[in-house]
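*Asks:* turn this into a model:
(one chain, ligands or ions: 1)
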Amino acid sequence: MKIGVIGAMDIEIASLVSLLGSHAEKTYAGMVFRKGMIGGTEVIIAKCGVGKVNAAVCAEIMCGFFCVDVLVNTGVAGSLDNSLDIGDIVVSRDAVQHDVDAVNFGYAYGEIPSSGMRYFVADEDIARKCMRALEDMGVAHWLGRIASGDQFVRTRERKAWIRETFAAHCCEMEGASIAQVAVLNKIPFVLVRAISDKADESVSESYDVFEEKAARHCAELIGRIVPMISWRE
Ligand code: ADE
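*Replies:* Numbers count the residues shown, from 1 in each chain. Model (predicted):
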């Protein structure tokens, strides 16, 4: 069992890399892939950079070159639902790309033309294990829909539109494209995102303060669930 873990920024993978101990490094497409072990399981960790294209390239390298069995994406997100607090974690039930718009041709928002793809469903068993680990960590957590797009959401209007169009819980900039790559390669995936801001005009006050804490929560969770993923119940 090989698990690929992708984060967009250094802050999102730094604590995870420290769990690897001694490891090998390879660079593809300008991205560093670190291969080592966490709790007896082989893990490849990569920083993909921000946005859906970077994330998709990284995810495909994980599948095509490293032949991972599972893709995990971790990082921070803006909340779309006011009951989610900064520091809470959202585990994906599914994911959607909120910036895909071929409505003009009769498709729904988020639907990728001629593919039948709109909502990418995460692995139920892995998502359940994440929820259990979060329960043990005492961190508030939610199972829900994650909306991704090449936009840092920072206005009340855009936030409301994404929430109302997709009934999504949080927004970020990579997860659903990693989910799409996982589905195309027929491997399971899960996204775990810690809330760093409210995706509205208050972003500039909250983001820097909470980003670090949110990223740390996620890294702790990944460290816990990696050994659990290979157990089948
Ligand atoms: N990641 C963290 N906060 C975000 C936001 N408000 N929009 C998009 N990605 C984010």
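*Asks:* host element of residue 73?
*Replies:* Using DSSP states H and E, the element containing residue 73 is strand 70-79.
*Asks:* for residue 158, same thing?
*Replies:* Short version, using DSSP H and E: residue 158 is in helix 156-166.
*Asks:* likewise residue 227?
*Replies:* helix 203-229.
*Asks:* buried sites along that helix?
*Replies:* 203, 206-207, 210-211, 214-229 (16 or more other C-beta atoms under 10 Å). Any C-beta I mention is one placed from the backbone N, CA and C, and that applies to glycine too.
*Asks:* could I get the full set of helices for this protein?
*Replies:* Using DSSP state H, the helices found in the chain span residues 10-20, 52-64, 124-137, 156-166, 175-184, 203-229.
*Asks:* so which of these gets nearest the ligand?
*Replies:* Nearest to the ligand, of all the helices of the chain, is helix 203-229, at 5.6 Å by C-beta to the nearest ligand atom.
*Asks:* what angle do that closest one and helix 10-20 make?
*Replies:* Relative orientation of helix 203-229 versus helix 10-20 (axes from the mean of the first three to the mean of the last three C-alpha atoms, to 10 degrees): 30 degrees.
*Asks:* shaky segments in this structure?
*Replies:* Counting by pLDDT under 70, the chain contains low-confidence residues at 232-233.
*Asks:* specify the beta-bridge partners of the residue of it found nearest the ligand.
*Replies:* Nearest to the ligand in the chain, going by C-beta to the nearest ligand atom, is residue 78, at a distance of 2.6 Å. For residue 78, the beta-bridge partners under DSSP bridges are residue 171, residue 197.
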